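Enquirer: No letters, just coordinates:
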């Protein structure tokens with residue numbers, strides 16, 4: 001019996017409409033059905049454990065897809081540019097979700113990630129411009145670089161407590177993203193939300209100790225934010241270009257506010273500081289930390305500092 005369908009076996013078969021893969025096949029190799037532009041339906045048996053890189057790349061008509069609970073690995077670009085896909089459920093059996101796996105699936109609206117996936121590789125869902133709903137499994141620990149870049153319809157995201165690492169640009173350019181809840185597994189926020197112009201609500205847990213460089217830069221819809229007591233550092237350009245930011249609450253435990261952290265925050269008028277004026281004055285304020293911003297008032301527990 002056939003256990004593997006070889007690389008590029010049916011690549012470019014533009015007249016192929018449907019495929020039923022026989023039971024017993026374990027591996028769908030690289031680019032097997034790539035560029036099968038008329039393919040609308042694929043039946044994958046429960047014997048399949050591996051869907052390799054570009055297996056269904058640019059199958060633009062594919063609308064009917066169920067990934068069985070036997071698949072362990074979905075390769076790089078396996079379903080990239082499958083423009084007919086609307087809803088994807090990644091079963092609990094999958095442990096490896098490789099880079100660009102579902103990138104540029106421009107009609108994909110909903111993704112459920114099973115409990116077996118620990119690492120979501122870079123740009124896995126990048127460019128899925130209609131993606132609205134993402135449900136993470138409870139085993140995800142790493143969201144790599146640009147996983148959801150330019151998912152402009154994504155409005156809300158809840159990062160589970162299991163996540164300990166999120167890499168650069170994970171949600172960059174998600175202009176429709178309005179609300180983010182970050183799980184308690186995260187200790188430092190990097191440049192994950194740069195250019196999320198619709199973001200107006202962010203919940204930062206008290207496990208976070210640093211707001212990293214460019215963390216919320218160019219989030220022009222952000223009006224106010226509360227920095228929890230656990231944070232000790234606000235990084236370079238952390239809130240740079242947040243033109244609507246009016247108020248920020250900073251705990252007394254912050255010791256460093258880095259260069260251009262609040263540059264271009266033209267409406268920032270109030271900083272609520274949880275310590276005394278002496279404690280504020282002891283913070284290491286880098287040159288230009290609030291350049292090209294309004295003269296803001298720092299409200300300390302024992303008085304105000306005007307034109308900070």
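Expert: Everything's here; your move. Quick caveat, the model's predicted, so the values are computed rather than measured.
Enquirer: in the stretch 201-308 of the chain, which ranges drop under the pLDDT threshold?
Expert: For the stretch 201-308 of the chain, the stretches with pLDDT under 70 are 308.
Enquirer: ok, and what's touching stretch 125-136?
Expert: For stretch 125-136, the external contacting residues (Cβ atoms under 8 Å, 6 or more residues apart in numbering) are 100-113, 146-155, 157-160, 162-163. No exception for glycine: its C-beta is placed from N, CA and C like everyone else's.
Enquirer: Now, of those, which are buried?
Expert: 100-105, 107-108, 111, 113, 146-154, 157, 159-160, 162-163 (16 or more other Cβ atoms under 10 Å).
Enquirer: Among the contacts of stretch 125-136, which lie within strands?
Expert: Counting by DSSP state E, the contacts of stretch 125-136 place 110-113, 157-158 in strands.
Enquirer: Among those, which one lies nearest to residue 241?
Expert: residue 157 (21.2 Å; Cβ to Cβ).
Enquirer: Give me the neighbour count for residue 282.
Expert: Taking other Cβ atoms under 10 Å as the neighbour definition, residue 282 ends up with a count of 11.
Enquirer: who's in contact with it?
Expert: So residue 282 contacts residue 255 (Cβ under 8 Å, 6+ apart).
Enquirer: all helices of the stretch 1-150 of the chain, in order?
Expert: Applying DSSP state H, counting those that start in this stretch to the stretch 1-150 of the chain gives no helices.
Enquirer: can you give me the strands in it?
Expert: All strands of the stretch 1-150 of the chain, identified by DSSP state E, counting those that start in this stretch, fall at 4-5, 18-20, 27-28, 41-43, 50-51, 64-65, 73-74, 87-90, 96-97, 110-113, 119-120, 133-135, 142-143.
Enquirer: Which one of these lies nearest to residue 236?
Expert: Nearest to residue 236 among the strands of the stretch 1-150 of the chain is strand 142-143 (22.2 Å), distances taken as Cβ to Cβ.
Enquirer: who are the neighbours of that closest one, in terms of helices and strands?
Expert: strand 119-120, strand 165-166 (3 or more Cβ pairs under 8 Å, 6 or more residues apart in numbering; DSSP states H and E).
Enquirer: Residue 58 and residue 38 touch, don't they?
Expert: No: judged on Cβ atoms under 8 Å, residue 58 makes no contact with residue 38 at a distance of 11.7 Å.
Enquirer: Between these two, which has more neighbouring residues?
Expert: Neighbour count, other Cβ under 10 Å: between residue 58 and residue 38, residue 58 has more, with 21 against 14.
Enquirer: Pull the contacting residues for the more buried one.
Expert: Residue 58 neighbours (Cβ under 8 Å, 6+ apart): 34-35, 37, 80-82.
Enquirer: SS state for residue 278?
Expert: helix (DSSP: H, G, I helix; E, B strand; the rest coil).
Enquirer: residues near it, how many?
Expert: 9.
Enquirer: and it, what is it in contact with?
Expert: Shown in contact with residue 278 (Cβ under 8 Å, 6+ apart): no residues.
Enquirer: what's the spacing between it and residue 300?
Expert: Separation of residue 278 from residue 300 (Cβ to Cβ, to the nearest Å): 9 Å.
Enquirer: Enumerate every residue touching the spatially closest residue to residue 190 that is not a sequence neighbour.
Expert: In space, and not counting its chain neighbours, residue 190 is closest to residue 212: 4.4 Å by Cβ to Cβ, 6 or more residues apart in numbering. Contacts for residue 212 (Cβ under 8 Å, 6+ apart) come out as 188-191, 235, 238.
Enquirer: and the residues you listed as TSV, adding neighbour count and distance to residue 282?
Expert: Listed next are the contacts of residue 212 as TSV, based on neighbours: other Cβ atoms under 10 Å; distance: Cβ to Cβ, whole Å:
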residue	neighbour count	distance to residue 282
188	16	23
189	22	24
190	21	27
191	24	28
235	22	19
238	26	20
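Enquirer: wait, which of the residues you listed is closest to residue 52?
Expert: The closest of the contacts of residue 212, once distances to residue 52 are taken by Cβ to Cβ, is residue 190, at 31.2 Å.
Enquirer: Am I right that the closest one is in contact with residue 215?
Expert: Yes: look at residue 190 against residue 215 with Cβ under 8 Å: they come within range, at 6.3 Å.
Enquirer: Residue 181: how many residues sit nearby?
Expert: 14.
Enquirer: scratch that, residue 78 is what I was asking about
Expert: 26.
Enquirer: Would you mind measuring the gap between the ends of stretch 165-180?
Expert: Stretch 165-180 has an end-to-end distance of 16 Å (Cα to Cα, to the nearest Å).
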